[in-house]
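In: Below are the sequence and a predicted model for it; my questions follow.
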Amino acid sequence: MTARHAADADAIPGGAVRRAAGADGASGLAARLAAMISTACDGRLTAEEVLASGASLSALGVTSLALLRLIDAVEDEFDVDLDLGGGASYLDSFPLLVGYVDARTS
């Protein structure tokens with residue numbers, strides 16, 4: 001991905017979700033991250049619920065402990081640094097998280 005496309009993915013995170021999801025809406029990067037969120041939440045959320053929601057992660061019920069688990073899992077799986085400092089707006093919602101990871105792994 002070029003620098004321009006990476007910036008576009010950050011600016012329009014919903015586009016990253018649409019690119020990451022296949023025709024059935026449950027494949028690729030978005031599905032992997034949704035499953036990771038479900039695991040981090042000990043299954044209280046399903047991957048399908050995460051994929052279908054546009055709500056913030058906290059509104060979905062992702063606790064601070066689950067968020068720390070998710071950060072560890074994403075950093076290990078994708079070799080991407082997720083820093084809680086500086087606002088970390090990419091941790092506010094699923095589409096922003098997908099866009100952030102997509103821009104740094106493509």
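Out: Received, thanks.

In: Need the residues that contact the longest helix anywhere in the chain.
Out: The single longest helix within the chain, with elements called by DSSP state H, is helix 64-78. By CB atoms under 8 Å, 6 or more residues apart in numbering, the surrounding residues in contact with helix 64-78 are 32-33, 36-37, 39-42, 57, 62, 80-82, 84, 91, 97, 101, 104-105. From N, CA and C alone the C-beta is placed, and that goes for glycine too.

In: Narrow those to those that are buried.
Out: Neighbour-count burial (16 or more other CB atoms under 10 Å) applied to those gives 32-33, 36-37, 40-41, 57, 62, 80, 82, 91, 97, 101, 104.

In: what two of the residues you listed are the furthest from one another?
Out: Spatial extent of the buried ones among the contacts of helix 64-78 (CB to CB) is set by the pair 41 and 104 at 23.2 Å.

In: picking that back up, the buried ones among the contacts of helix 64-78 into TSV, with extra columns for secondary structure?
Out: As requested, those are exported to TSV (DSSP: H, G, I helix; E, B strand; the rest coil):
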residue	secondary structure
32	helix
33	helix
36	helix
37	helix
40	helix
41	coil
57	helix
62	coil
80	coil
82	coil
91	helix
97	helix
101	helix
104	helix
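
In: okay, and for this structure, where does confidence drop off?
Out: Applying pLDDT under 70 to the chain flags the ranges 1-27.

In: how about the helices in it?
Out: With DSSP H as the criterion, the chain has helices spanning 3-11, 13-20, 28-40, 47-52, 57-60, 64-78, 94-105.

In: tell me the most buried of those helices?
Out: Across these, the average number of neighbours (mean count of other CB atoms under 10 Å) peaks for helix 94-105, which reaches a mean of 22.

In: just checking, what packs against that helix?
Out: Packed against helix 94-105, as judged by 3 or more CB pairs under 8 Å, 6 or more residues apart in numbering; DSSP states H and E, are the following elements: helix 3-11, helix 13-20, helix 28-40, helix 57-60, helix 64-78.

In: Thanks a lot, catch you later.
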